[in-house]
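*Asks:* Got a sequence here, can you model it:
(2 chains)
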Amino acid sequence: MAEAASREDSPNSLKREPIAVNDRLLVEAVAALELLEGRPLDDPHLNIAVIAADGDFERRLVNRAKAIDARRARELRDGLREVRQSIGLAIFIGTVLALVGGMGTARAALISINDKPVNFFWALTALLGLQTVMLLVWLVLMLASGRKYKSGGMIFATLGGLLFRFARFLYSKTHRSAAHAAASSAIATATFQGPIARWTLSSISHGLWVAYNVGCLATLILLLSTHQYSFAWETTILSEGAFEPMTRAISALPKALGFDVPTPQQIEESRWTSSAQFGQSNATRQAWSSLLVGALVVYGFAPRLLLLAFGLGQRRFAISRYRIDVNRPEFARLQPIIMPVERIGVVDRDDEARSGVVPHAPIVSHTARPIGPPAIVGVELSIRQSGSTWPPPLHAVRWNDLGFVETRDDQRRVIAQLADSAQQPHMLVIACGLTTTPDRGIASLIEKMAHAAGATVCLMLTGGQAMRDRGDSQKLFQRVEDWRALGIAIGVDPARIIELDLDHFTQASAAKIASIIDSPPQSDGEVKARRLEQAFEIIAKDGSTKSRSAADDAELHRKIMTMYRDQAPLWQRLPELSLSSVNVSMHDVAATLKTNAGRMVDLLPARLRINPKWLAAGAAAGALGCVAASALIAPVAIAALPMWSAIGAGVTAAIAPFRNTAIDSPSSTDANDQHGETIRAATLLAIVLELQGKPEAVITRVIDQSLVDDQMPATDEASLRQWLDQVRHRFDMALARESVR
Amino acid sequence: MTPTRSAVVPLKVAVVGHTNTGKTSLLRTLTRDVGFGEVSDRPATTRHVEGTAIQVDGQSLIELYDTPGLEDSIGLLDLLDSLRGDRRTEGVEQIERFLQSPEASAGGRFSQEAKALRQVLASDVALYVIDARDRVLGKHRDELEILGRCARPVVPVLNFVANATAQTALWREHLSRANMHAVAEFDTVVIDEQSERRLLEKMQTLLDHHRATLDQLIQDRTRQREQLVRASADLIADLLIDVAAHVVIAPAQDAAEMARTMEQLKQRVREREQQCVNSLLSLHRFRPEDYADASVQISEGRWGVDLFSPAAMKQFGIRAGSAAVAGGMIGLTVDAMVGGASLGAGFAIGSAIGALLSAGHTHGKKVIDQMRGYSQLRCDPTTLQVLLARQVSLVRALLRRGHASVDPIRTSGGVDADKAGSARELKPLLEEASIRPQWSRLESVPDFAALAGTARRGVQDRLAAFITKSILE
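*Replies:* Okay, here's the model as predicted:
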């Protein structure tokens, strides 16, 4: 309810008082300062929640600008004030200059030489000519910028820029701080662009012309009051009659406003012929001087004053319409911070009470049916499509195959079969895919099946490769753990939860199943450890020879592989090279090698995979291991040793992509490093072979813990041995840890 | 602000689906909120109903509700069928009866399912999230059956369609057989520009009343994306000017001092690049700390490959000169201060004098005398190319990255730095920057007036326009 109420409020609160111009200016100044300093100005104690509480983006920008660090805010406000003062000073200086200019013009207009009367039309042109031309220029610019904003706007922006530069020049000597630069840049963005700039500059120019006219008028009146001027007109080529209508036209408006103007007779009298004939009456002089003042007021001063008032009004309107351009990049950057996603929060809480999976007593047989063969059922398995054999072929085991469960009907059928069959299965093996997320639905199904069967349940997890194909090899371990947790929660004996791959069914897998069907599996790590030592011995002897060729590397790998020959079925899933045929397509060989290099790299833990040296070594181990395996299977073909050079090229090609992404130093192609890669690859191969038959997650984990170090001083046999000893020690430790798990 | 806008009633959307199909991820990506809820590859990560809103200019347009996964739909459907009673009961009535049953209450067997269904009933539309990598199974059919009984429009959303193992076509076929034709594809990890728009359009087809709201959102998203690209380009342009304009000087004879200065310059540039990367991440609403996993590429918000290494150049198809590699001078260029200035122009010498003066090396002695024996160091054009290419490929990766991704950012490369860096439009701009050390923020005494000046701004804007083009290329 409280939430609903606050929601009701928000539209009203949006109608708060409008944002003040100075606040917008502050936003611009803060943005400019942040651009200058290249980092946000946020107060570390700033409460984003308050800023981001309400309003649209612009209001939040204002809130934020107001909430920045107080010291910086003061600097900015001072800066803004000082820039404004500088602009004011510039305008003041301009005004004084305009005033003086006006006075000078008026003085110059009324100069009479040798007591010759003042030429009225010259005087009028001097006073009004320039400013009328400038008025027309202004008008043209306004029309241009009004219609096609760009061109005229550019000129105003340029003028504004000049004025602005002048203002900045006035204070730049004393103020060089970032805050001042930011303040001036903010004022430039806000007031020297667009309609505000247009009307600001118009107002300034009209204001200056008003000052000019005031100067003119004052001087004019002063001179006319204290000096006697005669006014005349003269011409060489114009007709005598032209001046009367012209004067009448000029004087129409001043006359209407009450200024005294010369009569036609007075105009005729004022024709200059020679000083001897020229005698002007006082009234005529006053009429002319009144017309001069009147014309200046009507054609110069008044329009400028009106335009000044109009311009100021327009400027004020433009300022009130001014909005921050929130699409500018510097503001877009703030969007994630002050426009955070509004989370509604939890509307229906977690009950805490965990439903569904309830730990059960171990599932054991309790019915008195005769014991039959072990039953096997696949839950949501995709194995049917992959073409693997189902049920897994096992020597001397006749499965009671219940098929696959996918739908509600399947569930009913299998449960009915389990409950109703004449024999109680000796064991119920439930195969689940690792790509399936273990959830309550599965748990409840397993429970139902277990109870219907009344037999001990084994959980067989398969499809690790499918999980890896999703790109989730890192998550595989977690997934296996989740399945184990689920199995344990519903009462499956942890020893009867096994992991194997039905898509790559090996003798080891078969052995695993056989062992859990009859008795819990036993660890046999002890005997094999010595074999690893032998393999490392080979590496230490072989690997310490320098100047190696691809053939040497392959030979080293073949030797290691031979050690594990009795376990051939384990590594037989390495893809075979068809070396026995004479016309070996190098392309096929390269492709196979590449696949295998990739597989080995997949086994590497993330930590090693980012290490370019180990990445390359992993790829090499995969490719060379493949070659070595093939050599063991088809030794005849390998006897033709020239093949090695060709295969060497294939191996290099297979490793290349892994090398490419990871090259980190210019020396990576050094002989020394090549050597290191060989040692690393051989060591890795030995460890992987040693760990064959174990779940992939375990392999990865043990590798992770065994190959800790990147430093390999191994150039001579002694230090190489030392390094290998360390690896073996860590390997033993890791294996010990695994058996505790 | 206007009354019509405040009158908008948010569209309520319930996001439902089987457990671990990426419901929370979908919400994260749609709202660009990496911190929403909890995401893991495990069952029942979300056990409550949590809401979040998609806003346009401070106004909530859509309310999205994350729900616990449907885990035991088969069992639930059995239960619903048993609640049907003797006479023909409507689907919604069955659901309502179920929601009042003890199984649906806290601690009950189907309390999670109940939470999800309750939210569906309280919403205008349900998004049914499917992991397209899964096969079509009985449980999915049953989930659709249950949702069908809720009498709310349902838009199936196929997640992880970018994955190699996704079976999108099979799913589409199955869904159309279940009479669902408005199917959206939306990978929460790898997004493309169009998929979100299509999802919203699919919702429009089912929700006529909310057409205007969704339209508004679609437009806003388009606008925001443009803005995002522009802002990214602006950040990169700023970085390039800072680095291109930066010049330091060192006595050419003193090898140790030279090496130290060189390393300082590199370090400053690296830090500046890192700053740009951080800004880009935050601009795109990602957090540097979201990427805990290590990677060859960016991890924990850092580049894995040093800018001044041949690898960095190689990545973008640039060959470092062998002499530069040998001298440890990768990415830098040295000009003797007098004679042989690579820029040739007197202007360069002038700017060098300025740099010398500002660095306080002269103490009033004759500048030219002092200049003999000093060299000026700067990043070479190749480094600028690599910088540009790296940032552009990062932005491209960020634009395609769903906010649910937990893997490190991978920049696919694919940016031809040689082409990008030496383009006719770009070169004069960077050269202009390179003769104006006062434009660089990396200067020890920054010239703020020059930094705030319109000349720099102009170059930056032109650079940004160019970079925008190459991001969208």
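*Asks:* how about the residue nearest to A:Arg343 when sequence neighbours are not counted, secondary structure?
*Replies:* Closest residue to A:Arg343 in three dimensions, ignoring its sequence neighbours and counting by Cβ to Cβ, 6 or more residues apart in numbering or on different chains: B:Thr52, at 4.6 Å. The C-beta positions use only the backbone N, C-alpha and C, and glycine is treated the same way. Under DSSP: H, G, I helix; E, B strand; the rest coil, the three-state class of B:Thr52 is strand.
*Asks:* tally of neighbours for B:Thr52?
*Replies:* Counted with other Cβ atoms under 10 Å in any protein chain shown, residues neighbouring B:Thr52 total 23.
*Asks:* what's the pLDDT at the residue in the stretch 451-600 of chain A positioned nearest to chain B?
*Replies:* Per Cβ to the nearest Cβ, A:Lys475 is where the stretch 451-600 of chain A lies closest to chain B, at 4.4 Å. A:Lys475 is assigned a pLDDT of 77 by the prediction.
*Asks:* just A:Leu296 next, same as before
*Replies:* pLDDT, A:Leu296: 92.
*Asks:* What sits closest to it if chain neighbours are left out?
*Replies:* Leaving aside its chain neighbours, A:Leu296 sits nearest to A:Leu127 (5.4 Å; criterion: Cβ to Cβ, 6+ apart).
*Asks:* And B:His48, by the same measure?
*Replies:* Spatial nearest neighbour of B:His48, chain neighbours left out: A:Asp350 (4.3 Å); criterion: Cβ to Cβ, 6+ apart.
*Asks:* Same question for B:Gly51.
*Replies:* The shortest distance from B:Gly51 to any non-neighbouring residue, by Cβ to Cβ, 6+ apart, is to A:Ile344 (3.1 Å).
*Asks:* can I assume the one you found sits in a strand?
*Replies:* Yes - assessed with three-state DSSP, A:Ile344 lies in a strand.
*Asks:* max-length helix in chain B?
*Replies:* The residue-count maximum for a helix in chain B (DSSP state H) belongs to helix B:211-245.
*Asks:* buried sites along that helix?
*Replies:* B:213-214, B:216-218, B:220-221, B:227-245 (16 or more other Cβ atoms under 10 Å in any protein chain shown).
*Asks:* Next: stretch A:74-89.
*Replies:* A:75-77, A:79-80, A:82-84, A:86-87.
*Asks:* Also stretch A:26-44?
*Replies:* For stretch A:26-44, a neighbour-count test (16+ other Cβ under 10 Å) marks A:26-38, A:40-42 as buried.
*Asks:* Most widely separated two among those residues?
*Replies:* Comparing every pair within those by Cβ to Cβ identifies A:Leu26 and A:Gly38 as the most remote, at 19.8 Å.
*Asks:* mind listing what the residue of the stretch 51-200 of chain A found nearest chain B touches?
*Replies:* The stretch 51-200 of chain A approaches chain B most closely through A:Ala181 (3.5 Å), counting by Cβ to the nearest Cβ. Under the criterion of Cβ atoms under 8 Å, 6 or more residues apart in numbering or on different chains, the contact list for A:Ala181 reads A:32, A:36, B:448-449, B:451-452.
*Asks:* Could you check the pLDDT of the residue of the stretch 201-350 of chain A found nearest chain B?
*Replies:* For the stretch 201-350 of chain A and chain B, the shortest gap (Cβ to the nearest Cβ) falls at A:Ile344, measuring 3.1 Å. Note for A:Ile344: predicted pLDDT of 82.
*Asks:* again with A:Ala734
*Replies:* We have a pLDDT of 77 for A:Ala734.
*Asks:* What helices and strands are in contact with the host helix or strand of it?
*Replies:* According to DSSP states H and E, A:Ala734 maps onto helix A:717-740. If you count contacts as 3 or more Cβ pairs under 8 Å, 6 or more residues apart in numbering or on different chains; DSSP states H and E, helix A:717-740 packs onto helix A:525-543, helix A:671-690, helix A:696-706.
*Asks:* what helices or strands is the second one leaning on?
*Replies:* Judged by 3+ Cβ pairs under 8 Å, 6+ apart, helix A:671-690 is in contact with helix A:525-543, helix A:550-563, helix A:586-603, helix A:612-633, helix A:696-706, helix A:717-740.
*Asks:* so who does the most centrally placed residue in chain B touch?
*Replies:* Nearest to the geometric centre of chain B sits B:Leu398, at 2.8 Å (Cα atoms, centre = their mean). B:Leu398 sits next to B:232, B:280-281, B:284, B:286, B:409 when contact means Cβ under 8 Å, 6+ apart.
*Asks:* cutoff 6 Å now
*Replies:* Residues near B:Leu398 by Cβ atoms under 6 Å, 6 or more residues apart in numbering or on different chains: B:His284.
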